[in-house]
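**Student:** Compute the structure for the input listed below.
(2 chains, ligands or ions: 2)
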Amino acid sequence: MADHPPADGWIGASLLRKEDARHLLGHGMFVADIRMPGLQDIAFVRSQMAHANVRQIVKPPEAAASVFTLADLGPIAILEAGPELAAHRHSPYPPLADGRVRYAGQTIAACMAPTRAEAEDLADRVTAELEELPAVVDCVAAMLPDSPRLFEHWPDNAFITGNVTEGDPPALQAAPVRLRRKFRMNRQATVSLECRGVLAYWDHRNDELTVHLSTQGGHVMRIAIAQSLGLPEHKVRVIAPDVGGGFGGKNRIMPEDIAVCAIAMKVGHPVRWIEDRREHLIASVHARDHTYDLTISADRDGTLLGVEGDVYIDAGAYSLWPTGSFMEASMASRNLTGPYRIRHLKLNTFTVATNKAPMGPYRGVARPGACFAIERLVDEVARELGREPFDLRRQNIVTAAELPYRTAAGMRLDTGDYVQALDTARDMIDLPAIRKRQEVGESDGRAIGVGFAFYTEQSGHGTVEWVKRKSRVVPGYESANARMLPDGSVIIHVGVQNHGQGHETTLSQIAAHELSIDPSRIAIKYGDTATAPFGFGTFASRSIVFSGGAVARASRMLIDKLKRIGAHLMQTDPANVRIEGGEVHGPSGSVGFAEIAYAANVRQEHLPAGMDPLLDVTATYEPTETGGVFAYGTHAAVVAVDPDTGTLEILDYVVTEDCGTMINPLIVDGQVQGGIAQGIGTALYEEIPYDEIGQPLATTFGDYMVPCAPEIPTVRMAHIVTPAQATEYGVKGLGEGGAIAPPAVLANAVADAFRKIGASFNETPLTPRRVSEAVARARRARDDAA
Amino acid sequence: MTAITIDLNGVRIADDVEPRQSLADFLRERCGLTATHLGCEHGACGACTVVVDGKATRSCLSLAVMSDGRVVLTLEGLRNDQIMDILRRQFHECHALQCGFCTPGMLIMARDILQRHQSPDANTVRHELSGQICRCTGYANIVKAVVAAGKDLAAAQAHALAGALAEAEALIQAEVQARVDDQVRAQEDAPPKPGTE
Ligand code: FES
Ligand code: FES
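**Tutor:** Ligands and ions are numbered 1, 2, ... in the order given. Take a look at the predicted model:
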């Protein structure tokens, strides 16, 4: 955590969070906390096999009416998911199986009963006769011509393939240094602590389907629910109550959501499905699962020249609406140059269907894999050349004078000082002291290693970028509706969702800054399509940029009208007034917002002639540079590793980061620390392996390791503040950044610890077993050579 | 169905429960006490932690019938608890929660830690929290909050102790004075002993 100087206004103030009180008193309201008369629970019958034809579903006769198969749900439109590209193959994903299941855990039937336990009992009594088919579990082998297919009508198992060619890759053949390395970042789950949940019923009074959904973006989910069920959107209301974490995993429409809504339309009472942890691990959004086979080229002087090779994304069995996982491949390849002056690229990308749970977004999307690959490669080149990896980074990184800089893959790195971020991290971690310590050695036999990694985090990217990506939904703006009530207090409805980010606090700080009133006079509302203006929700580090901008604009629109009314009340010209302390000040006196708001709402005879009543405005906002603004940072870590057991302790972890102007530094630090904890999970602990017949092997927290307090150090942070030019206040999004660099920095640190024996650490998570085996392999190779 | 009687948040509850029903489901579904959250339902995350007979207990792993005759406290029942007050304030000031889903379990466990350790240091708190999962915060601020709360609690207790001592001293003083007064009065009132003058 960093020390922050006191701010002199609301922008930059570490205001304590408004959302805390209800949670601290146990009054949070999550989907599973909602009580409704007549509510019944749903449990799903799921496929036990990775790939099978569904021969028959046998319902227990005495409860047949409470068991739903696809045919029982009524007509359901299966939405095409993924980019709007002819080359992207459609993988129809029904809410319940349609005769074929393609991963272990896929929903086959839904069972309804008064309690969850009874619904589960019923699910146990349903028999699904499956005829097993060969499973596709390795995404590289899946692309061989003789591989079994998931979808018969596809020519191979790829959702989509692509290639990126920039510069002059053939010239790289002659490069003096060429290193080929393979990297794997294994599959994991997103693991919000609150699992998914949905509660739906037909609201007769409002004549609409009301859906309480644990989601990151209710408006977009409403589109999918309405289209799937054939309802007009005004007959669907989606409410996201308190949401217990999302991290990307709650930003896709899922089969259970549609099934529960369809059942709610059939039965006369509310129904809900509350996901359990096993379901979450086997059948919620999966993430990462990148395989890289890359060759990096460099000059003898350490100048990095180019990267070539293959990128495989194991995307699981289906594309999740709206965008599927196609962005993984493009974002991975576009980020593979990192922040370096690498001008030649030749990458083949494969987004492959396998018999595993569908892939979706997870904090950092693709960039943890790309950062892992490029930052490991930089260290490998340094080792090859006998250079200090830090120095090689510094030699190749884009300097402040070069910004804005367009990378080989076309991304416009906008503002900042990357060298300063590197140097500050080096000084904080005290690189020379660690090098000395390594020479002395450890008395406990452990090996000490230090690693660095640099990341950039594209945030706030707008219309042009999403259109370029062929996104089915183009989240190129956000909206805010601001209302000043008769007493001068303010309600602002926004289209983003708050599931831990603290928007009730930060967005009210922005409005307080613009309106010159206290944040306690401002309420931020979200999470209900009946009241919120259309918005896309919270993901891709976009909320503070987009929603913050929309709130600023809406506030300014209010100010404009407040000034005009205030001037009228003071019999002066609007040009002569200014705003301060919740009042409009004129040349000879002032009038408070409450008086103006009272006039605007209920005493309109005091308004200027011809002016519409109300202080009620809606604004949308998109930054001026739609390619996005880039937060960035350097992570550095020191680890101590036991060479025989492979266990690892993080001795120190520092980060220097630049997310532009901080609205609330306390919350920024919290996001950085929390992101790093998840990144450490990816780096060291979290994995869902599948066996050769496609069975998931991590199905409880007994075998899926989520790091706890003893595993996560308190990160030491330094902030560089380079305001973005394209956004309000100069903010850059920062929610994901913390999760991007940890796999790279920790793998580099472990590799550094064993650099003398040349052990390589190119697969995450770096479990004790992987580490100890890599050390043993390297020792054997050394002994064989000797 | 099995009849059980529980002292729940200070209220005696008598109910019939299915023998297989977990204490967590009983609290949430039967009693409507939804501060107790379920993050895994297999004893690994600590979100469901409640207090049973004074001990932090995972309500997803214990059955409602096991609580028969016991005293159960959930976060709802700790509104006016001195330690919880301090913890709530420190969690707020240290930004020790983001989505809030782990928070009730964290608070109950933190209270348990502070009852067993006088002013614990960060290492102790980290170790003691090793059974609680938070997916959002990265733990640093939770550890910080619990350490700070431990200090506050120790100070409050020391203050209370000092106050109590001062009070006791004053009482003793008054008592002594009273006795002296009594004696004096007794001497004054007493008829002179024969032959002393
Ligand atoms: S819900 Fe009880 S320990 Fe996770
Ligand atoms: S605050 Fe979200 S799990 Fe802890």
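
**Student:** so what's the residue of chain A found nearest ligand 2 up against?
**Tutor:** Proximity to ligand 2, evaluated over chain A using C-beta to the nearest ligand atom, is greatest for A:Leu193 at 3.8 Å. No exception for glycine: its C-beta is placed from N, CA and C like everyone else's. Taking C-beta atoms under 8 Å, 6 or more residues apart in numbering or on different chains, we find A:Leu193 in contact with A:244-245, B:37, B:39, B:45, B:47, B:99, B:101-102, B:133-136.

**Student:** Any idea how many residues pack against A:Val140?
**Tutor:** 14 (other C-beta atoms under 10 Å in any protein chain shown).

**Student:** Name the nearest residue to it, sequence neighbours excluded.
**Tutor:** Across the structure, with C-beta to C-beta, 6 or more residues apart in numbering or on different chains as the measure, the residue nearest A:Val140 apart from its sequence neighbours is A:Tyr312 (5.6 Å).

**Student:** Buried ones among the contacts of A:Leu193?
**Tutor:** For those, a neighbour count by 16 or more other C-beta atoms under 10 Å in any protein chain shown gives the buried set as A:244-245, B:37, B:39, B:45, B:47, B:99, B:101-102, B:133-136.

**Student:** of the residues you listed, list those near ligand 1.
**Tutor:** Applying C-beta under 6 Å from any ligand atom to the buried ones among the contacts of A:Leu193, one finds that B:39, B:45, B:47 fall near ligand 1.

**Student:** near chain A too, which of these?
**Tutor:** With respect to chain A, and counting by C-beta under 8 Å from any C-beta of the partner chain, the subset of those in contact is B:39, B:45, B:47.

**Student:** Quick check: the second one touching B:Gly39?
**Tutor:** It stands for B:Cys45. Yes: under the criterion of C-beta atoms under 8 Å, B:Cys45 is in contact with B:Gly39, at a separation of 3.7 Å.

**Student:** What values do phi and psi take at the residue positioned nearest the centre of chain A?
**Tutor:** The central residue of chain A, meaning the one whose C-alpha is nearest the mean C-alpha position (C-alpha atoms, centre = their mean), is A:Arg363 at 3.1 Å. A:Arg363 adopts backbone torsions of phi -20, psi 110, taken as degrees, to the nearest 10.

**Student:** The helix or strand of chain B with the lowest mean pLDDT near chain A at all?
**Tutor:** Of all the helices and strands that make up chain B, the one with the lowest confidence by mean pLDDT, DSSP states H and E is helix B:140-189; it has a mean of 89. Yes: when contact is scored as C-beta under 8 Å from any C-beta, part of helix B:140-189 falls within range of chain A: B:140-144.

**Student:** How about that helix and ligand 2, any contact?
**Tutor:** No: using C-beta under 6 Å from any ligand atom, helix B:140-189 never reaches ligand 2; the gap is at least 7.8 Å.

**Student:** My guess is A:Leu172 contacts A:Leu305. True?
**Tutor:** Yes: judged on C-beta under 8 Å, A:Leu172 makes contact with A:Leu305 at a distance of 6.0 Å.

**Student:** which residues sit in contact with the residue nearest to B:Leu129 when sequence neighbours are not counted?
**Tutor:** Beyond its immediate neighbours in the sequence, the residue positioned closest to B:Leu129 (C-beta to C-beta, 6+ apart) is A:Ala709, lying 4.2 Å away. Applying C-beta under 8 Å, 6+ apart to A:Ala709 gives the contacts B:125-127, B:129-130, B:132, B:139, B:142-143.

**Student:** mind checking how far A:Ala709 is from A:Ala776?
**Tutor:** Between A:Ala709 and A:Ala776 the computed distance is 31 Å (C-beta to C-beta, to the nearest Å).

**Student:** ok but A:Ala109 is inside a helix, no?
**Tutor:** No: going by DSSP: H, G, I helix; E, B strand; the rest coil, the assignment for A:Ala109 is strand, not a helix.

**Student:** And it, how far from A:Val67?
**Tutor:** Applying C-beta to C-beta, one obtains 6 Å for the distance of A:Ala109 from A:Val67.

**Student:** Identify the contacts common to those two.
**Tutor:** Taking C-beta under 8 Å, 6+ apart as the contact rule, A:Ala109 and A:Val67 both touch A:59, A:126.

**Student:** Look at the two and report which has more neighbours.
**Tutor:** A:Ala109 (25 against 20).

**Student:** any idea how far the more buried one is from ligand 1?
**Tutor:** In this structure, A:Ala109 lies at 26 Å from ligand 1, with C-beta to the nearest ligand atom, to the nearest Å as the measure.

**Student:** Please name the spatially closest residue to that residue (chain neighbours excluded).
**Tutor:** In space, A:Ala109 comes closest to A:Val45 once its chain neighbours are excluded; the distance is 4.1 Å by C-beta to C-beta, 6+ apart.

**Student:** Same question for A:Val474.
**Tutor:** Counting by C-beta to C-beta, 6+ apart, the residue nearest A:Val474 is A:Trp466, at 4.4 Å.

**Student:** Which pLDDT value does the model give the one you found?
**Tutor:** Note on A:Trp466: pLDDT of 88.

**Student:** same thing with B:Leu63?
**Tutor:** The pLDDT attached to B:Leu63 in the predicted structure is 98.

**Student:** per-domain residue ranges of chain B.
**Tutor:** Split into domains by automatic domain parsing, chain B comes to B:1-79, B:80-190.

**Student:** The ones you listed: lowest mean pLDDT?
**Tutor:** Out of the domains of chain B, domain B:80-190 stands lowest, with a mean of 93 (criterion: mean pLDDT).
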